[in-house]
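Asks: Attaching a predicted model along with its sequence, questions to come.
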Amino acid sequence: MNLVQFAGNSNGLHLVETLATRVTIPGHGVIYLMLESDRDTRLCQFGCFYETLVFGLDRKHFSRLLMAQDQECRFEILLDMPRERAFSLFVDKPELWWSSPFDAVGEGKVEAGIEPCVGGNCYEIDGEGRRRQWGTVLSIEAPLYIRLAWQVSLEGAEVADPSAASRVMVNFRQAGEATRVEIVHTEFLRHGEDGAEYQNNMRKAEGWPRIIKNLEKAAKAVSRR
């Protein structure tokens, strides 16, 4: 990753130093952030210079995007069951641990499902019978891992396009007779300028910690059967 500092103006720039970062903005591809001074932030794409306003971004929004690009949500839990059963619990029985992130779920029980194949839908059916897609399976290999596009917006609405959704990687690692489940939620930048806020929300109690607690309870309930 290369973040380059230049001095001068667009007609006569010369390299000052390499600082380090590269940013991908949906719809604009890979761009490189360049700081000529604290007062002048420029972007470079394939050797051409653009003011941030060309991309419709002010400094505040660009800073939030940059932060979301470089950070991730990472969680680990230990489930007291073999890896095959832990994988099956997550993929085949999501109704036991799922917690709806959508707005206006309605009354009644929420059902959930994951179609265990590449391109498979991750969905819920709420108490009013509405089916909503919360993800797409990007890759899967039982009982090792599943990788998903997380298709829920910051406001709790469906994100129709998987390419405009953040990514969730779930790894299942054998740890003696138990299984260590690693959950890594990344690429919040795909959600646009809300990426940094979204990332922070997923770290809070109502984000991944709630889902993880549900998963732990489900594992204990299944193990007692």
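Replies: Nice, thanks for sending it over.
Asks: for this protein, what spans make up the strands?
Replies: 4-7, 14-18, 22-25, 29-37, 40-45, 48-51, 73-79, 111-114, 121-125, 131-141, 145-150, 166-175, 178-186 (DSSP state E).
Asks: so how far is residue 101 from the closest residue to residue 159 other than its chain neighbours?
Replies: Nearest residue to residue 159, sequence neighbours excluded (Cβ to Cβ, 6 or more residues apart in numbering): residue 151, at 4.1 Å. Any C-beta I mention is one placed from the backbone N, CA and C, and that applies to glycine too. Residue 151 sits 10 Å away from residue 101, going by Cβ to Cβ, to the nearest Å.
Asks: what is in contact with these two at once?
Replies: residue 134 (Cβ atoms under 8 Å, 6 or more residues apart in numbering).
Asks: got the angle for the longest helix seen in the chain vs strand 166-175?
Replies: Looking across the chain with DSSP state H, the single longest helix is helix 208-224. Using axes from the mean of the first three to the mean of the last three Cα atoms, to 10 degrees, the direction of helix 208-224 lies 40 degrees away from that of strand 166-175.
Asks: could you say what helices and strands helix 208-224 packs with?
Replies: strand 73-79, helix 83-92, strand 178-186 (3 or more Cβ pairs under 8 Å, 6 or more residues apart in numbering; DSSP states H and E).
Asks: hmm, 10 Å instead?
Replies: Packing partners of helix 208-224 (3 or more Cβ pairs under 10 Å, 6 or more residues apart in numbering; DSSP states H and E): strand 73-79, helix 83-92, strand 178-186, helix 195-203.
Asks: Just the CA atoms of the last one, as CSV, please.
Replies: Yep, that's helix 195-203 we're talking about. Taking Å, rounded to 0.1, in the frame of the first residue of the first chain, the C-alpha atoms of helix 195-203 are listed here in CSV:
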residue,chain,number,x,y,z
GLY,A,195,-19.0,2.5,6.7
ALA,A,196,-17.2,3.7,9.9
GLU,A,197,-20.5,4.2,11.8
TYR,A,198,-21.7,0.7,10.7
GLN,A,199,-18.4,-0.8,11.9
ASN,A,200,-18.8,0.8,15.3
ASN,A,201,-22.4,-0.4,15.6
MET,A,202,-21.5,-4.0,14.8
ARG,A,203,-19.0,-3.9,17.8
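Asks: pLDDT weak spots in the chain?
Replies: Applying pLDDT under 70 to the chain flags residues 1-70, 105-106.
Asks: Now do the contacts for the spatially closest residue to residue 149 that is not a sequence neighbour.
Replies: Leaving aside its chain neighbours, residue 149 sits nearest to residue 162 (3.8 Å; criterion: Cβ to Cβ, 6+ apart). Residues near residue 162 by Cβ atoms under 10 Å, 6 or more residues apart in numbering: 119, 133, 135-138, 148-151, 190.
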